[in-house]
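Visitor: Okay, sequence plus prediction incoming.
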Protein chains: 4
Amino acid sequence: MQPASPALDDAPERARRTRRKEARPGELLEAALALFVEKGFAATRVEEVAARAGVSKGTLFLYFASKEELFKAVVRENASRHLTEALRELDGFAGASSDLLREFLRRWWLLYGGTPAAGLTKLMLIEATHFPELAHWFQDEVVQPSHALLRRIVQRGIDRGEFRPVDVPRVVHLIVAPLVQMVTWRLTLGHCCPYTHEDQPMALIELHADMLIRGLTP
Amino acid sequence: MQPASPALDDAPERARRTRRKEARPGELLEAALALFVEKGFAATRVEEVAARAGVSKGTLFLYFASKEELFKAVVRENASRHLTEALRELDGFAGASSDLLREFLRRWWLLYGGTPAAGLTKLMLIEATHFPELAHWFQDEVVQPSHALLRRIVQRGIDRGEFRPVDVPRVVHLIVAPLVQMVTWRLTLGHCCPYTHEDQPMALIELHADMLIRGLTP
Amino acid sequence: MQPASPALDDAPERARRTRRKEARPGELLEAALALFVEKGFAATRVEEVAARAGVSKGTLFLYFASKEELFKAVVRENASRHLTEALRELDGFAGASSDLLREFLRRWWLLYGGTPAAGLTKLMLIEATHFPELAHWFQDEVVQPSHALLRRIVQRGIDRGEFRPVDVPRVVHLIVAPLVQMVTWRLTLGHCCPYTHEDQPMALIELHADMLIRGLTP
Amino acid sequence: MQPASPALDDAPERARRTRRKEARPGELLEAALALFVEKGFAATRVEEVAARAGVSKGTLFLYFASKEELFKAVVRENASRHLTEALRELDGFAGASSDLLREFLRRWWLLYGGTPAAGLTKLMLIEATHFPELAHWFQDEVVQPSHALLRRIVQRGIDRGEFRPVDVPRVVHLIVAPLVQMVTWRLTLGHCCPYTHEDQPMALIELHADMLIRGLTP
DNA sequence: TATGAATGAGACTTCATTCAT
DNA sequence: TATGAATGAAGTCTCATTCAT
């Protein structure tokens, strides 16, 4: 009776088929990242991922042998790129350790925590049980380097007499926790519980830096 | 015609069934909590839950109309019980605000963070997207009361001149974040990455209190 | 508007569900044998097998973990039962070797070649490439024992001077070939090409015996 | 707008393409014969066929409208060529009928049974159910002419008093069965069960002729 | 003519849910 | 109340076929 969807003709269909092969994996990874972060591995359907990337179900399997391989690729692709290199520049920092720490926190949010790639952190927290070897890899490639950098920053402060002596690894956990928390909150409860104070993330970052520096001052 | 299996002696069977029938829902909820926390909602099979509770798949549906209802019951059952009442006693605390804050952190870990019920926090972080109304309820029933208590504690310190003036809601987030983080870490990466410093949780709690109090001191 | 299928009420539905568990595997194996023989492994759909056994698709997987396992069960179940034991009694035969040979041929057709189990022979011929280990097992369990028995029969005839000396293993192949051929023909071309002379199989068996005995007479 | 990839030098590509375009169908048929014989129709993927023929999947569909058409072409192409013409010369044979029969068997193996084209026999046995009209055609074009020739040979022997009177069509089946069996065995169990006595096929042929002639002698 | 990226129907398999016992 | 066999919708993955280049 009524035409099912009169807007659909096959012109866009044709256009879609023509798109270049090299862009596909990236588009699929981007779509998969968003959906895996939003719904978890098990609750995400490959057809959704394909649809969000603008391709059909079958096309996804042209590039990734299985849903699991897609997941692993999502993690590996996004993890190695963003976080580590963004922070590595801080190694050459010259100046007060308190400024270095504050700079670390700012950069972390700007270059990672506030970007879609931060979804990885939530993803690994959720799926670590199902992908143990991937969790280990994530620890080695992402978590440990970040923590190591932070340990060097804190230790530098102590060595230069700017920070009081503390248990460095534990302090690092206290530095990291609110960052991770901000990400997780934004990606989960943020959707439905808008009254959390995440609308000005940098203000929270600054307060965190403030509290930490006071807490570390001799 | 011929009786299906008259030889089967169902006397011991009956004994087992009647053993503790009013305990069933509790056993099922306990099993479901553990599995939902470990694997998430979608990846947990109701048959597993039933098996862990020592009953058959069909029995589970006698007590819970669906997997979703089971999940909601798990959250509601565990949430209302543990956290809020455990902390409410602190409202009558008399003494230094720094001691009050430290006491809060200790109790939080002992009465909630270190118990199986803490899995709820991880669970809600993961599944909030799928159960928005449940997430709201969790916010109202669990998160907001805890935060409100903490706001009162911090405000008390400021009012009494023990703490410097700060943005109270944001500080509360900084207080809570490491607690949530400890729970999440223990329940996820803890499985596979044992070198995190979670073996002495109270030491981290004490350091956290220490840093916070220094950070809040005028 | 109009009821979808008014003839369907749920009485037979109920009846079906009630059927005894022990009968299921047998019914499924029987259905699977017929379909695998008719269409081969790849072209047979599990849903067809289930439908022919009067159950749903899911039920099949209650009893067989996968389509491959179903196939293996079909082969193993039917192979060991029928052929070998049927022929083993001939070992004690007393009398002329020509009668023994003739008796072998008759029994082979009556107890195996003419029954549904003979489909196994066609099945293994077709699927040996896909299930090599199963093919080996079939050789060891079914083919070799039969050939060994035939070798003993021919050798007995030679030893007693009733048969002329011949290459025994090769003669065994010549004895077996028409039998296998009769089975294969009946199950394949028989469907569509009715003018082959399979309507009186025993007449062909008798002629075969006749030709063989003449061919073996000194 | 912008050319997709102008940097790609497609000159050698062109050379390969034009190399032997009229040879394509033949190469595809050859590849398809081998794979259909090895794995059956359903389990053979057109991509495999194309790859074995050294072309892409799309090219295959330039020459054959569908997988089914490819299959039919394989059968028709190979069937009409090899067998019938090879045997037709025997019609003019002058000499003893036993020699004629022996010669038939030898030629059959040399010109058909031992060649890749013999795979057709296995193929038709397996797929006759799925391609009934093809099976009929095969009967008419291949099986019937061969059987007719054999019937003439046997009848000639009887008429000339060289063979005893027998049921001619049935004897023809007994003549053919070991031949078909040799082919089938070689192409299936031969892969995995090397202890069958197919390493000297002509010795089996000779023994078969020997047995037949003795069996037919008055 | 040849390609190979893209499609989507259809296969196998899982699992929440039902129901006769 | 408890069971567990049975169901079938829904998911992952395959592969014959199409089509723009």
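Guide: It's in.

Visitor: wait, isn't residue A:105 in contact with residue A:207?
Guide: No - if you go by C-beta atoms under 8 Å, residue A:105 and residue A:207 don't touch, sitting 10.2 Å apart. All C-beta atoms are positioned from the backbone trio N, CA, C, and that covers glycine.

Visitor: between the two, who's got more neighbours?
Guide: The neighbour count for residue A:105 versus residue A:207, taken as other C-beta atoms under 10 Å in any protein chain shown, is higher for residue A:105 (21 against 18).

Visitor: so which helix or strand takes in the more buried one?
Guide: Take DSSP states H and E as the rule and residue A:105 turns out to sit in helix A:97-108.

Visitor: Briefly note if the next helix or strand after that helix comes near chain B.
Guide: On the C-terminal side of helix A:97-108, the closest following helix or strand by DSSP H and E is helix A:119-127. Yes - judged by C-beta under 8 Å from any C-beta of the partner chain, helix A:119-127 and chain B are in contact via A:122, A:124-126.

Visitor: go on, stretch A:205-218?
Guide: Yes - residues of stretch A:205-218 are located near chain B by C-beta under 8 Å from any C-beta, namely A:207-208, A:210-212, A:214-217.

Visitor: re earlier: close to chain B, is the helix holding residue A:105?
Guide: No - under the criterion of C-beta under 8 Å from any C-beta, chain B is not reached by helix A:97-108; the shortest gap measures 11.8 Å.

Visitor: Let me see the ranges of the helices in chain A.
Guide: For chain A, the helices defined by DSSP state H occupy A:10-18, A:23-39, A:46-52, A:57-63, A:67-79, A:85-88, A:97-108, A:119-127, A:132-138, A:144-159, A:168-187, A:189-192, A:201-216.

Visitor: For the residue nearest the centre of chain A, which non-adjacent residue is spatially closest?
Guide: By C-alpha atoms, centre = their mean, chain A has its centre lying nearest to residue A:118, at 1.6 Å. Spatial nearest neighbour of residue A:118, chain neighbours left out: residue A:183 (4.4 Å); criterion: C-beta to C-beta, 6 or more residues apart in numbering or on different chains.

Visitor: Residue of chain A closest to DNA strand E, please.
Guide: residue A:58 (1.9 Å; C-beta to the nearest atom of the strand).

Visitor: want to throw the helices of chain A into a markdown table with distance to residue C:91?
Guide: As requested, these are exported to a markdown table (distance: least, C-beta to C-beta, whole Å):
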| stretch | distance to residue C:91 |
| --- | --- |
| helix A:10-18 | 69 |
| helix A:23-39 | 66 |
| helix A:46-52 | 59 |
| helix A:57-63 | 56 |
| helix A:67-79 | 55 |
| helix A:85-88 | 79 |
| helix A:97-108 | 84 |
| helix A:119-127 | 63 |
| helix A:132-138 | 58 |
| helix A:144-159 | 72 |
| helix A:168-187 | 76 |
| helix A:189-192 | 78 |
| helix A:201-216 | 88 |
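
Visitor: shouldn't residue A:104 be in contact with residue A:90?
Guide: Yes - taking contacts as C-beta under 8 Å, residue A:104 lies within contact range of residue A:90: 5.8 Å.

Visitor: still on that earlier bit, give me the contact list for the helix holding residue A:105.
Guide: A:86-87, A:90, A:93, A:149-150, A:153-154, A:156-157, A:160, A:162-163, A:175, A:179, A:202, A:205-206, A:208-209, A:212-213, A:216 (C-beta atoms under 8 Å, 6 or more residues apart in numbering or on different chains).

Visitor: Touching, residue A:24 and residue A:59? I think so.
Guide: Yes - counting by C-beta under 8 Å, residue A:24 touches residue A:59, with 7.1 Å between them.

Visitor: what about the closest residue to residue A:210 other than its chain neighbours, distance to residue C:50?
Guide: Spatial nearest neighbour of residue A:210, chain neighbours left out: residue B:215 (7.3 Å); criterion: C-beta to C-beta, 6+ apart. The gap separating residue B:215 from residue C:50 is 67 Å, by C-beta to C-beta, to the nearest Å.

Visitor: repeat for residue A:105
Guide: In this view, residue A:105 and residue C:50 are 61 Å apart by C-beta to C-beta.

Visitor: so where is chain A shaky, pLDDT-wise?
Guide: Residues of chain A that meet the criterion pLDDT under 70 lie in A:1-21, A:82, A:84-85, A:189-198.

Visitor: Per the annotation, how does it divide into domains?
Guide: Here the domain parsing of chain A from automatic domain parsing is A:1-64, A:75-216.

Visitor: what's the most buried one of those?
Guide: Mean neighbour counts were taken over these using mean count of other C-beta atoms under 10 Å in any protein chain shown, and the top value, a mean of 18, falls to domain A:75-216.

Visitor: returning to what we had before: quick check, the residue nearest to residue A:118 in contact with residue A:120.
Guide: No - Residue A:183 sits out of contact with residue A:120 when judged by C-beta under 8 Å, with a separation of 9.2 Å.

Visitor: Need phi/psi at residue A:96.
Guide: Residue A:96 has phi and psi values of phi -70, psi 140 when expressed as degrees, to the nearest 10.

Visitor: ok, it - contacts?
Guide: Applying C-beta under 8 Å, 6+ apart, the residues contacting residue A:96 are residue A:162.

Visitor: Distance check, it against residue D:218.
Guide: 119 Å.

Visitor: likewise residue A:163?
Guide: 116 Å.

Visitor: Give me the distance between the closest residue to residue A:160 other than its chain neighbours and residue A:32.
Guide: Excluding the flanking residues, the one nearest residue A:160 by C-beta to C-beta, 6+ apart is residue A:97, at 6.2 Å. The gap separating residue A:97 from residue A:32 is 40 Å, by C-beta to C-beta.

Visitor: Please apply the same query to residue A:131.
Guide: Counting by C-beta to C-beta - residue A:131 and residue A:32 are separated by 14 Å.

Visitor: Please list the outside residues in contact with stretch A:49-68.
Guide: Under C-beta under 8 Å, 6+ apart, the answer for stretch A:49-68 is A:16, A:19, A:24-25, A:27-28, A:30-32, A:34-35, A:41, A:46-47, A:70, A:73, A:131.

Visitor: For stretch A:113-132, measure first residue to last.
Guide: The first and final residues of stretch A:113-132 sit 24 Å from each other (C-alpha to C-alpha, to the nearest Å).

Visitor: from the chain's centre, how far out does that stretch sit?
Guide: Stretch A:113-132 has its C-alpha centroid displaced from the chain centroid by 7 Å (C-alpha atoms, centre = their mean, to the nearest Å).

Visitor: Skip the chain neighbours and tell me the closest residue to residue A:163.
Guide: Counting by C-beta to C-beta, 6+ apart, the residue nearest residue A:163 is residue A:157, at 3.3 Å.

Visitor: How about the contacts made by the one you found?
Guide: Per C-beta under 8 Å, 6+ apart, neighbours of residue A:157: A:97-98, A:100-101, A:163, A:216.

Visitor: Now for those residues: which two are most distant?
Guide: Longest distance between any two of the contacts of residue A:157 is 11.7 Å, between A:100 and A:216; criterion C-beta to C-beta.

Visitor: Can you pull the phi/psi pair for residue A:128?
Guide: Residue A:128 has phi and psi values of phi -50, psi -40 when expressed as degrees, to the nearest 10.

Visitor: doesn't residue B:185 make contact with it?
Guide: No - taking contacts as C-beta under 8 Å, residue A:128 lies outside contact range of residue B:185: 9.9 Å.

Visitor: For residue A:69, the count of nearby residues, please.
Guide: 12.

Visitor: now the one 5 residues further on
Guide: Each residue near residue A:74 was counted by other C-beta under 10 Å, and the total is 26.
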